[in-house]
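Trainee: Provide a 3D model corresponding to the input given below.
(2 chains)
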Amino acid sequence: RKEVEQDPGPFNVPEGATVAFNCTYSNSASQSFFWYRQDCRKEPKLLMSVYSSGNEDGRFTAQLNRASQYISLLIRDSKLSDSATYLCVVSGGYNKLIFGAGTRLAVHP
Amino acid sequence: GVTQSPTHLIKTRGQQVTLRCSSQSGHNTVSWYQQALGQGPQFIFQYYREEENGRGNFPPRFSGLQFPNDSSELNVNALELDDSALYLCASSTAGGGLQAGFDEQFFGPGTRLTVL
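Mentor: Just a heads-up that it's a prediction; the model follows:
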């Protein structure tokens, strides 16, 4: 079993749609959780951290359920510029990041 | 920011390669990741204060160095076709052990290695 598993993609949505990504992780001792965004042939960039209380940044909302070892990302009012691969990430020991395989989002006009 | 060189590299099977990374100023920890096509980045190892400080599931032919001047190297010997990937370095200020606190890692643009 992979340490971090994500929804298979791609997600093809029209502009203005709401889209949700899900992710599960296997190590219950994990302490920190993130969503990264990666544009085609570019480096991953931190989108947002994820907390048990949930957190929101504009159109983006992230949730963490430690009991179910489940992480989610909700994007409201999708824009063309949201097209990218979204990586679910969990921290491991030694400050390393454990990435899921990513879910590709394509927003079309 | 974090810079990496070269941008692209083509090698043949069996050769050796050295990839370079320049960390963000003041960062004492550098991590290296391998990202195969269609996959998420996989942790190779981390260097903290010039010593290896945690390693992922990669063979010994993957090795690294960290220098006092915020630069680091990833060396891969005896290249295999499956080593073709995007190699990313990431720097941060946290490090020093299994229980080290987490700090945001800043990624470089990567080096795309193709092994023929």
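Trainee: residue numbers of chain A in contact with chain B?
Mentor: Chain A comes close to chain B at residues A:4, A:31-32, A:41-46, A:87, A:89, A:91-102, as judged by C-beta under 8 Å from any C-beta of the partner chain. All C-beta atoms are positioned from the backbone trio N, CA, C, and that covers glycine.
Trainee: looking at those, which are in strands?
Mentor: A:4, A:44-46, A:87, A:89, A:91, A:97-99 (DSSP state E).
Trainee: could I get the full set of helices for chain B?
Mentor: With helices called from DSSP state H, chain B shows none.
Trainee: and the next helix or strand past the helix or strand hosting A:N22?
Mentor: According to DSSP states H and E, A:N22 maps onto strand A:19-25. Next helix or strand after strand A:19-25 toward the C-terminus (DSSP H and E): strand A:33-38.
Trainee: for the nearest residue to B:S31 once chain neighbours are set aside, give me its contacts.
Mentor: Ranked by C-beta to C-beta, 6 or more residues apart in numbering or on different chains and with sequence neighbours excluded, the top spatial neighbour of B:S31 is B:Q46, at 4.4 Å. Contacts were defined as C-beta atoms under 8 Å, 6 or more residues apart in numbering or on different chains; by that measure B:Q46 touches A:94-96, B:29-32, B:52-55, B:95.
Trainee: okay, those residues in CSV with pLDDT next?
Mentor: Converted to CSV, those look like this (pLDDT from 0 to 100):
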residue, pLDDT
A:Y94, 66
A:N95, 70
A:K96, 83
B:T29, 88
B:V30, 92
B:S31, 93
B:W32, 96
B:E52, 89
B:N53, 85
B:G54, 87
B:R55, 91
B:G95, 59
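Trainee: just among the residues you listed, which is most surrounded?
Mentor: Scoring those on neighbours with other C-beta atoms under 10 Å in any protein chain shown, the highest-scoring entry is B:V30 at 32 neighbours.
Trainee: residues near the nearest residue to it once chain neighbours are set aside, how many?
Mentor: Computed as C-beta to C-beta, 6+ apart, the closest residue to B:V30 that is not its neighbour in sequence is B:S72, at 4.6 Å. Look at B:S72: counted by other C-beta under 10 Å, it has 23 neighbours.
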